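*Asks:* return atomic coordinates for the entry below.
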Amino acid sequence: MKKETKIALAIVLVIVLILFAVFLYFKMTYLSHGEVKAEIAKEMNVKEEDLYFEKIELDLDSGLYEVDVYYDNQDYEFKLDGKKGDVVQTDYIPATDSPTPAPSVEGLGELTSEEAKQVALSDAQVTEDEVINLRVETDYDDHVLVYEIDFVSGETEYDYKIRASDGTILESDKDHRNH
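*Replies:* Numbers count the residues shown, from 1 in each chain. Next up is the predicted model:
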């Protein structure tokens, strides 16, 4: 065997060993897709087969799995710690077994989406009849539940982020729309 052939084989072998080591590292360090699915099902308190997973991607920069799930005619997004499986962010709010009355804005506890919407409309000084494209979504911002509210009134587009625990407006923005 020629010397060049032996060197080429040695280089290929080293590359294969490196790739195998990287594969083993990820296999042993990060959760598998099956484990991610099981964690999401456990978090949502539903059977795994009742969920449709649209996306399961590992973001190597953050070490988080980004997961899009479809369940009960709703889309949900989760971010899980890729090593431990802990949910670090979600827009899923689990249903409670015992219904509790909705708190008022002045009361203790979390605002309902309707109350958060009223906070935004009041701040914008518009009524619900004066707006179009009204969207109210929940999200977690640094582990704090917030309502993200967007709507258009006249030529102005409004965006709000309102803390669910007390109705504080964390962010607000209004942009003039050009047609």
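*Asks:* what about the helices in the protein?
*Replies:* Assigned by DSSP state H, the helices in the chain fall at 3-29, 33-44, 113-124.
*Asks:* including distance to residue 165, mean pLDDT and mean neighbour count, could those helices go into a markdown table?
*Replies:* C-betas here are computed from N, CA, C, even on glycine. Listed next are the helices of the chain as a markdown table, based on distance: least, CB to CB, whole Å; pLDDT from 0 to 100; neighbours: other CB atoms under 10 Å:
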| stretch | distance to residue 165 | mean pLDDT | mean neighbour count |
| --- | --- | --- | --- |
| helix 3-29 | 36 | 78 | 10 |
| helix 33-44 | 21 | 87 | 17 |
| helix 113-124 | 11 | 91 | 18 |
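*Asks:* between these, which gets nearest to residue 90?
*Replies:* helix 33-44 (7.4 Å; CB to CB).
*Asks:* packing partners of the closest one?
*Replies:* Under the contact criterion of 3 or more CB pairs under 8 Å, 6 or more residues apart in numbering; DSSP states H and E, helix 33-44 touches strand 52-59, strand 64-71, strand 74-81, strand 87-90.
*Asks:* quick one: it to strand 64-71, angle?
*Replies:* Helix 33-44 and strand 64-71 meet at an angle of 60 degrees, taking axes from the mean of the first three to the mean of the last three CA atoms, to 10 degrees as the criterion.
*Asks:* related to what we said a few turns ago, weakest of the helices and strands packed on helix 33-44 by average pLDDT?
*Replies:* For the helices and strands packed on helix 33-44, mean pLDDT drops lowest on strand 87-90, to a mean of 73.
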